[in-house]
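K.L.:
what would the 3D arrangement of this be:
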Amino acid sequence: MSGLYRLLNAEFGRWMAFVALLCAGAVLVPLLLLNSAAGDAGSFANHARYEDLYAASGCPLLFLLLLALLCAYFLKSVYAGYWGSKSVYTYLTLPVRRESLYFSKLIVFATCLLLLIAAQIVSIRLGYELVAAKAKAYPAGSLAMRNGLFLAFARSEFFRLLLPLNFSRILSSCSMLLAIATGFYYGALCERSRKFGGFALIAVAAFVLYRAVSFRLDEVAYTTLPRSLYPSSLALLAFSGWFVWHSLRIMRKGSIA
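P.N.:
Residues are numbered from 1 along each chain as shown. All right, here's what the predicted structure looks like:
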């Protein structure tokens, strides 16, 4: 455990500045977008639903961009281990279990994904206060927003994807997060170890993830054809378990060196 703790500290140290900038952008940039969207809407902005204004401002697309940047930085951190004094070759010779090297990177990546989601939720909360304040400022037809944030989370599929409200949605969001974290790392390890057959499983997992996200973002379209999220959630958890098991096997064999 002491080896894992030291590796975690070193890994977090390398991520700290990037994650701080990313989370700051996830909090501040949506406020600028919402302020612009509310101003462009004019006197009708106080009658617009907050979740509709949030979607029209482009904030969900910004979150997708930040998520892509985070995943790209993770891959960069993996491949950066193949040059420099603290390369993967050095880490594989340290007197620590190779599982510790794997879990240190995976834990940091998963934690940063959670921090990005938390920053996005904070921006949603602050953005609501900004829009509510602008709605009260209109001289004609002003409307005080009551329970608007709660109703926005109840109505918006994107908000419920980030902050699910029941067990099946919580399990679905957690399985998606786990599949993203383990899948990206597994893909990098497969490429480094030249085990390209693993990309077939990654493609299947990505398809299941895409179908689950598509359903979660457009649940209204499936009201006449009820679907359960449990099959996709269990499938993503199974893929994540395989990714972790096979990644550890690759690490133990030293195939990535």
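
K.L.:
host element of the residue most central in space within the chain?
P.N.:
For the chain, the residue nearest the mean C-alpha position is Leu113 (4.6 Å; C-alpha atoms, centre = their mean). Counting by DSSP states H and E, the secondary-structure element that holds Leu113 is helix 98-137.

K.L.:
thinking again about what came up before, any idea how far the residue nearest to the centre of the chain is from Tyr128?
P.N.:
Separation of Leu113 from Tyr128 (C-beta to C-beta, to the nearest Å): 23 Å. Every C-beta, even on glycine, is put in place using the N, C-alpha and C of the backbone.

K.L.:
do the same with Leu189
P.N.:
Here Leu189 is placed at a distance of 41 Å from Tyr128 (C-beta to C-beta).

K.L.:
that older thread, helices or strands up against the helix holding Leu113?
P.N.:
In this structure, helix 98-137 packs against helix 2-41, helix 50-56, helix 59-79, helix 88-92, helix 148-155, helix 157-162, helix 167-193, helix 230-253, with contacts taken as 3 or more C-beta pairs under 8 Å, 6 or more residues apart in numbering; DSSP states H and E.

K.L.:
neighbours around the nearest residue to Phe18 once chain neighbours are set aside, how many?
P.N.:
The shortest distance from Phe18 to any non-neighbouring residue, by C-beta to C-beta, 6 or more residues apart in numbering, is to Tyr73 (5.7 Å). Neighbours of Tyr73 under the rule other C-beta atoms under 10 Å: 18.

K.L.:
same check, this time on Leu177
P.N.:
For Leu177, the neighbour count with other C-beta under 10 Å is 16.

K.L.:
pLDDT score for it?
P.N.:
You'll see Leu177 listed with a pLDDT of 96.

K.L.:
swap in the one 10 residues further on?
P.N.:
pLDDT recorded at Gly187 is 93.

K.L.:
ok, the closest residue to it other than its chain neighbours to Ala179 distance?
P.N.:
In this structure, Gly187 finds its nearest non-sequential neighbour in Ile202, 5.3 Å apart by C-beta to C-beta, 6+ apart. Distance of Ile202 to Ala179, computed by C-beta to C-beta: 10 Å.

K.L.:
so who does the residue nearest to Val213 when sequence neighbours are not counted touch?
P.N.:
In this structure, Val213 finds its nearest non-sequential neighbour in Met176, 6.9 Å apart by C-beta to C-beta, 6+ apart. Neighbouring residues of Met176 by C-beta atoms under 8 Å, 6 or more residues apart in numbering: Leu209, Ala212, Val213, Leu236.
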